[in-house]
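>>> structure for the following, please:
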Amino acid sequence: MRRFLGYWLLLSPAYLVAAALSSWLLLNLVDVTYEAFVAWLLVPVAQALALAATSRRAPLLPAGRPPLLALALLASVLAVVAAGFGRPFDARWGFLGPGQLQGNVPRILAILAGAAFVVTCARDRKGRPAVASLGALLLVLGLDAVQPFLASLPGALLPGRGLFLGGLVTWGVLVALVFAAALAAQRALEETSAWAARLLGASLGVLFGALHGALLQLFLHPWLEKPWSLLVPAAVSVAAALAAAAGLAAFVDRRESA
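Residues are numbered from 1 along each chain as shown. Coordinates of the predicted model:
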């Protein structure tokens, strides 16, 4: 995941500048249509995926015994997400129903992941600052299930800036913090729990896809409405499940090595 994000961070601004310059030089205007926006989102991702895939040397799955408890949690959450897809308007299980189950699933999983990472750090000093920072951040985000605060952050921190600009800055900084903390924790976990590191990397990959899906929906084009609008919240739940599975895998590995 680090390799992919490194390529993407280089290619995304390069594509934006190249597209703007070519549009200006050839047409005397800068293309700001929705199609240009989509191309800027998707083309660097495809390029980074191709480069990361061709330069990858490590096996897809790490060596060692799979963490059965973590995989069981992941399978359970996938079943809940599948139920939300199958019955999107169901009062209890659906993503579009009046119930709060699907909305609270990623928050509860964030609390579980954060607690697992924090407890893991109490057992071993190696990599403690990075893993503990991620655990604390996930715990704070998960508390939104108990006392909702994430939706009001832009108005509280940047009053008068509007929902779009305030949300872009506030939630953008928050997302950057999550990725930075998770990448640092992944590097630390690679030395102590290969499965936890790989699951955490997969969580970041799914979260990255969910963020791009949310950006594609900014203009609410008809073809992005139901059922495609269900993909973003489902992906967030899967990303949270992978993070929680990584926390459990790290906890189990540290307990067995103690």
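>>> isn't residue 99 right next to residue 88, touching?
No: when contacts are counted by Cβ atoms under 8 Å, residue 99 is not listed as touching residue 88 (11.6 Å). Yep, even glycine has a C-beta here, placed from its N, CA and C like the rest.
>>> state the distance from residue 235 to residue 81.
To residue 81, residue 235 is 9 Å away according to Cβ to Cβ, to the nearest Å.
>>> likewise residue 236?
Counting by Cβ to Cβ - residue 236 and residue 81 are separated by 10 Å.
>>> now swap in residue 141 and tell me
The value you get for residue 141 to residue 81, if Cβ to Cβ is used, is 19 Å.
>>> for residue 104, what are its contacts?
Residue 104 sits next to residue 145 when contact means Cβ atoms under 8 Å, 6 or more residues apart in numbering.
>>> and it, its phi and psi?
Main-chain dihedrals, residue 104, degrees, to the nearest 10: phi -90, psi -20.
>>> go on, residue 218?
phi -60, psi -40.
>>> surely residue 175 meets residue 211?
Yes: taking contacts as Cβ under 8 Å, residue 175 lies within contact range of residue 211: 6.6 Å.
>>> okay, these two: which has more neighbours?
More crowded of residue 175 and residue 211, by other Cβ atoms under 10 Å: residue 211, with 19 against 13.
>>> now that one: which helix or strand?
Using DSSP states H and E, residue 211 maps to helix 194-216.
>>> for stretch 197-207, the averaged confidence score.
Stretch 197-207 shows a mean pLDDT of 94 in the predicted model.
>>> counting neighbours, which bits of it end up buried?
Buried positions in stretch 197-207, judged by neighbour count with 16 or more other Cβ atoms under 10 Å: 197, 198, 199, 200, 201, 202, 203, 204, 205, 206, 207.
>>> can you show me the helices along the protein?
Ranges of helices in the chain, per DSSP state H, are 2-27, 34-55, 68-86, 101-123, 128-142, 153-157, 163-189, 194-216, 231-257.
>>> quickly compare the ones you listed and say which is most buried.
helix 231-257 (a mean of 24; mean count of other Cβ atoms under 10 Å).
>>> tilt between that one and helix 128-142?
Interaxial angle of helix 231-257 relative to helix 128-142 (axes from the mean of the first three to the mean of the last three Cα atoms, to 10 degrees): 140 degrees.
>>> show me where pLDDT drops low in the stretch 151-258 of the chain?
Where the stretch 151-258 of the chain drops to pLDDT under 70, the residues are 220-228, 254-258.
>>> one more time with 90, if that's ok
151-172, 188-194, 213-233, 250-258 (pLDDT under 90).
>>> need the contact partners of stretch 156-165.
154, 155, 166, 169, 170.
>>> would you mind measuring from the residue lying closest to the second one once chain neighbours are set aside to residue 195?
It stands for residue 155. Nearest non-adjacent residue to residue 155, counting by Cβ to Cβ, 6 or more residues apart in numbering: residue 166, 6.5 Å away. Residue 166 is 39 Å from residue 195, where distance means Cβ to Cβ.
>>> same thing with residue 6?
On the measure of Cβ to Cβ, residue 6 and residue 195 end up 23 Å apart.
>>> ok so, going back, dump the contacts of stretch 156-165 into a markdown table; add distance to residue 108 as well.
Output for these, formatted as a markdown table (distance: Cβ to Cβ, whole Å):
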| residue | distance to residue 108 |
| --- | --- |
| 154 | 24 |
| 155 | 25 |
| 166 | 27 |
| 169 | 27 |
| 170 | 23 |
